[in-house]
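In: The following comprises the amino acid sequence and a computationally predicted model.
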Amino acid sequence: MRPLKILIADDHSIVRAGIKAVLDTRAGWEVRAEADNGEAAVNLAIENTPDVAILDYSLPILNGLEAARKIAAASKRTAVLMYTMHDDETLIKDALQAKVRGYLLKTGEDTELVAAVEALGKGKTYFSQRVAECLLEDFLSSDKVVTSQTLTQREREVVQLVAEGQSNKNIASRWGVSIKTVDSHRTSAMRKLNLRSAVDLARYAIRNRLIEP
């Protein structure tokens, strides 16, 4: 089995050491690279193509949010986990827009960090309880009133898979259909639910328990 390759980016060496110590307890997980600033994190992500990149938000030179954007653009294989002390709602929304696949607060238990890395390593998303609450509050504060009952089975499935970060190409391969067919289901679901982006789909999926926060 191929090892799960991980990158850790935090400007405090003691924090990086602590994260590595937690992850080293898992067989088959390998911390391939460590960075103390955002620019180095991007370069190391491009060089090592890790499966999971754990980024603090408050990184020097290039903050974690900008680093996440650059990593997502350069390496579609790498899932970014924002691991930070900041639970600001605006930052959380911006992180999702930057294609961050997980958002975890450092105040959580070590077991939650392991669960988050494991989820992202399997192509899923992971949000701490506080982050999930922010997403839900934002969704409920909007004027959108939707129900999963308005969707067909395929539309519900595509909403879940897109919310988990799967591309149309991957979904088409999984289903054995054309990319055009997947795009049709996705477009239809978003139109019915009055959603505009993959971020909106993630919020909807969390609210309706299509994916686990």
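Out: In hand now; what should we look at?

In: make it CA atoms for all contacts and neighbour counts henceforth
Out: Will do.

In: mind checking the backbone torsions on residue 103?
Out: Backbone dihedrals for residue 103, given as degrees, to the nearest 10, come out at phi -140, psi 120.

In: Equivalent analysis for residue 54, please.
Out: When read as degrees, to the nearest 10, the backbone of residue 54 gives phi -100, psi 110.

In: In the top helix by length along the chain, which of the residues would be classed as buried?
Out: Ranked by number of residues, the top helix in the chain under DSSP state H is helix 179-193. Buried residues in helix 179-193, defined by neighbour count with 16 or more other CA atoms under 10 Å: 179, 182, 183, 185, 186, 187, 189, 190, 193.

In: Domain-wise, how is the protein divided?
Out: Following automatic domain parsing, the chain resolves into domains at 4-138, 144-207.

In: For the protein, give me the ranges with low pLDDT.
Out: Along the chain, the model assigns pLDDT under 70 to residues 135-149, 207-213.

In: spatially speaking, which residue is in the middle of it?
Out: Closest residue to the average C-alpha location of the chain: residue 101 at 0.4 Å, with CA atoms, centre = their mean.

In: which residues does that residue contact?
Out: 79, 80, 81, 120, 124, 125, 126, 165 (CA atoms under 8 Å, 6 or more residues apart in numbering).

In: now the second one, what's its secondary structure?
Out: The one in question is residue 80. When classified by DSSP: H, G, I helix; E, B strand; the rest coil, residue 80 comes out as strand.

In: A strand includes residue 32, no?
Out: Yes - applying three-state DSSP, one finds residue 32 inside a strand.

In: you'd agree residue 150 is up against residue 190?
Out: No - Residue 150 lies out of contact with residue 190 (CA atoms under 8 Å); the separation is 11.0 Å.

In: still on that earlier bit, so what's the residue nearest to the centre of the chain closest to, chain neighbours aside?
Out: residue 125 (5.1 Å; CA to CA, 6 or more residues apart in numbering).

In: What segments of the chain are helices?
Out: Using DSSP H, helices in the chain cover 13-23, 38-48, 64-74, 89-97, 110-121, 129-141, 153-163, 168-175, 179-193, 198-207.

In: ok, back up a step: so which of the domains of the chain is the most packed in?
Out: Counting by mean count of other CA atoms under 10 Å, domain 4-138 has the highest mean neighbour count of the domains of the chain, with a mean of 19.

In: So what's the gap between it and the chain middle?
Out: 9 Å (CA atoms, centre = their mean, to the nearest Å).

In: show me what contacts residue 8?
Out: 16, 19, 20, 31, 33, 34, 35, 41, 53, 54, 55.

In: again with residue 106
Out: Counted by CA under 8 Å, 6+ apart, residue 106 has contacts 83, 84, 85.

In: Show residues contacting stretch 44-54.
Out: Residues contacting stretch 44-54 (CA under 8 Å, 6+ apart): 4-9, 32-35, 71, 74-75, 77-83, 117, 120-121.

In: go with 6 Å
Out: 5, 6, 7, 8, 78, 79, 80, 81 (CA atoms under 6 Å, 6 or more residues apart in numbering).
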